[in-house]
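> quick one, structure for this:
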Amino acid sequence: MLVIKDSDVLLASGFERCDIGVQCARTGAGIRLDPPAGSVRRVLDATGLLTLPGAVDIHGDAFERQIMPRPNVRFDTNVALRDTDRQLAANGVTTAFHGLTWSWEPGFRGAGSARTFVDAVESVRPQCLVDHRIHLRQETFNLDAEDEIISWMQHRKIDMLAFNDHLTGTIKVRHRPEKIGDMMRRTGLKEEAFLALVDQCASREHEVPASIRRLAVAAKAANIPTLSHDDLDIETRNNFREMQVNIAEFPVTNEVAQAASAAGDEIVFGAPNVLRGGSHTNCPSAADMVRSGWCTILASDYYYPALAQAPFVLEGKFGIPLTTGWALVSMNPARAAGFRDRGAISNEARGDIVVMRRNGEGSAEVVATLCNGELVFLSDYRLLRSV
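Numbering: from 1, shown residues only. So this is what the prediction gives:
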């Protein structure tokens with residue numbers, strides 16, 4: 001057993017100075033508060049540090065830059081995932097839901113890429129340091145994928161399903177090359193072919209609502225959480241809630257977020273939004289949403305380091321207690337994902353822990369990460385000793 005000694009530990013009752021033991025998976029993984037002395041094999045001296053539940057990232061797509069760091073410059077998905085795994089461990093993320101987009105587009109977000117990614121996660125998962133899950137972002141006009149997605153849910157190849165519609169916005173800016181340029185380059189299509197594909201997909205708009213409903217029913221049957229992405233108005237959010245899609249991801253206006261909160265929905269905003277002091281797309285400020293009580297979950301979105309940093313920024317700049325801020329990246333996303341074994345430090349909980357050091361007001365660094373009881377990252381091995 002590894003004992004994390006003399007740190008301030010975030011428990012259900014708040015921070016408490018105590019020792020906690022962590023058993024690895026090979027010997028019955030789990031957390032032990034006040035572990036018996038005879039069971040201790042290693043000690044991590046965490047004097048002056050904070051011990052927190054491991055972060056649960058409900059939506060992260062920074063892995064895309066490991067696969068394709070430049071337009072049409074692509075690398076092996078398995079290699080990219082192993083590198084992503086190390087980044088997650090170093091940033092205190094112990095459970096990661098990869099935001100995999102399957103679109104009506106060909107190329108990087110097309111069918112072949114989606115299938116390759118799902119297979120790669122299954123392939124590398126046994127060698128990974130943290131727990132890798134798939135949050136499938138289904139573009140709602142991607143109608144031909146419906147049957148395969150239902151099969152994936154039935155066979156637990158994916159762990160979360162989100163409904164996205166980026167086609168409608170593409171139609172609105174189709175004649176503005178600066179707006180559709182990145183998307184076109186991602187598909188590998190020339191402008192004429194790309195716009196023809198947009199028109200072809202748009203012609204099937206009447207089929208979309210029924211497809212969403214069938215997928216939502218299938219997700220419910222498979223006990224897979226569902227999310228709606230970028231809800232533009234309250235009516236859209238209400239329609240999704242009616243289908244038991246109870247997680248609102250990045251609502252576009254304050255009014256939608258407020259209505260979602262009043263209805264008891266889980267509400268996701270981006271941790272990078274907190275670090276940057278606002279949205280880069282002129283959407284609501286995540287910090288404002290947290291202060292208003294209209295945000296229950298923060299996600300890494302496109303930048304993994306933001307997840308563990310955001311609660312400290314909320315505390316230092318906005319006066320939000322760290323206990324509240326850390327729940328946004330641990331307990332709350334674990335609850336939304338349906339986990340009962342992580343997101344909190346308690347007896348017999350899964351051994352997912354991050355140890356952090358404050359670096360002044362509003363800043364901290366990850367010192368150690370444990371996942372399923374295994375020490376998977378340590379920035380300073382002088383803190384570790386055998387007994």
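> how many residues are close by L88?
31 (other C-beta atoms under 10 Å). (Each C-beta comes from the backbone N, C-alpha and C, glycine too.)
> pretty sure it is touching A308, no?
No - the criterion here is C-beta atoms under 8 Å, and L88 misses it with A308 at 10.5 Å.
> tell me if T101 really is in a strand.
Yes - counting by DSSP: H, G, I helix; E, B strand; the rest coil, T101 falls inside a strand.
> that one: what's it in contact with?
Each residue near T101 by C-beta atoms under 8 Å, 6 or more residues apart in numbering is listed here: D61, R109, A114, R137, E139, N164.
> just checking, the first one touches G99?
In other words, D61. Yes - look at D61 against G99 with C-beta under 8 Å: they come within range, at 3.9 Å.
> give me the more crowded residue out of those two.
Neighbour count, other C-beta under 10 Å: between D61 and G99, G99 has more, with 26 against 18.
> what's the pLDDT at the closest residue to G60 other than its chain neighbours?
The spatially closest residue to G60, leaving aside those adjacent along the chain, is S300, at 4.1 Å (C-beta to C-beta, 6 or more residues apart in numbering). Confidence at S300, expressed as pLDDT, is 98.
> same thing with L2?
pLDDT, L2: 91.
> mind listing residues that contact the lowest-mean-pLDDT helix or strand in the chain?
None of the helices or strands of the chain scores lower by mean pLDDT, DSSP states H and E than helix 177-187, at a mean of 78. With contact meaning C-beta under 8 Å, 6+ apart, helix 177-187 is reached by 71-72, 105-110, 170, 173-174, 190-191, 194, 197.
> which among those residues end up buried?
E105, P106, G107, F108, R109, G110, T170, R174, F194, L197 (16 or more other C-beta atoms under 10 Å).
> what's the closest non-adjacent residue to the third one?
If I follow you right, that is G107. Excluding its sequence neighbours, the residue lying closest to G107 (C-beta to C-beta, 6+ apart) is T187, at 4.2 Å.
> for W104, see how far away the one you found is.
With the distance defined as C-beta to C-beta, to the nearest Å, T187 ends up 10 Å from W104.
> common neighbours of these two, please.
Counting by C-beta under 8 Å, 6+ apart, the residues touching both T187 and W104 are L197.
> give me the more crowded residue out of those two.
Ranked by neighbour count (other C-beta under 10 Å), T187 and W104 place W104 first, with 24 against 21.
> ok, that one - contacts?
Counting by C-beta under 8 Å, 6+ apart, W104 has contacts E139, F141, N142, L143, L167, L197, C201.
> M331 - how many residues pack around it?
Using other C-beta under 10 Å, M331 is surrounded by 22 other residues.
> now the residue nearest to it when sequence neighbours are not counted, what's its secondary structure?
The shortest distance from M331 to any non-neighbouring residue, by C-beta to C-beta, 6+ apart, is to G343 (4.2 Å). For G343, the assignment made with three-state DSSP gives coil.
> my guess is G343 contacts V56. True?
Yes - contact criterion C-beta under 8 Å: G343 and V56 qualify, at 5.9 Å.
> overlap in contacts of those two?
Shared contacts of G343 and V56, counting by C-beta under 8 Å, 6+ apart, come down to S330, P333, A334.
> for PyMOL, what selects the buried ones among these?
Selection of buried members from these for PyMOL, criterion 16+ other C-beta under 10 Å:
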select buried, resi 330+333+334
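> I'd like the shared contacts of G343 and V56 laid out as JSON lines, including secondary structure.
Putting the shared contacts of G343 and V56 into JSON lines (three-state DSSP) gives the following:
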{"residue": "S330", "secondary structure": "coil"}
{"residue": "P333", "secondary structure": "helix"}
{"residue": "A334", "secondary structure": "helix"}
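> would you turn the shared contacts of G343 and V56 into CSV with distance to E207 and pLDDT?
Putting the shared contacts of G343 and V56 into CSV (distance: C-beta to C-beta, whole Å; pLDDT from 0 to 100) gives the following:
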residue, distance to E207, pLDDT
S330, 39, 98
P333, 32, 98
A334, 35, 98
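> just for the stretch 1-150 of the chain, where's the confidence low?
For the stretch 1-150 of the chain, residues meeting the criterion pLDDT under 70 lie at 25-29, 38.
> in it, which spans are strands?
According to DSSP state E, counting those that start in this stretch, the stretch 1-150 of the chain carries its strands in the segments 2-11, 14-23, 30-33, 42-45, 50-53, 55-60, 93-102, 131-139.
> what are the pairing partners of the last one, and which direction each?
In its sheet, strand 131-139 lies beside strand 93-102 (parallel), strand 160-164 (parallel), with partners assigned from DSSP bridges.
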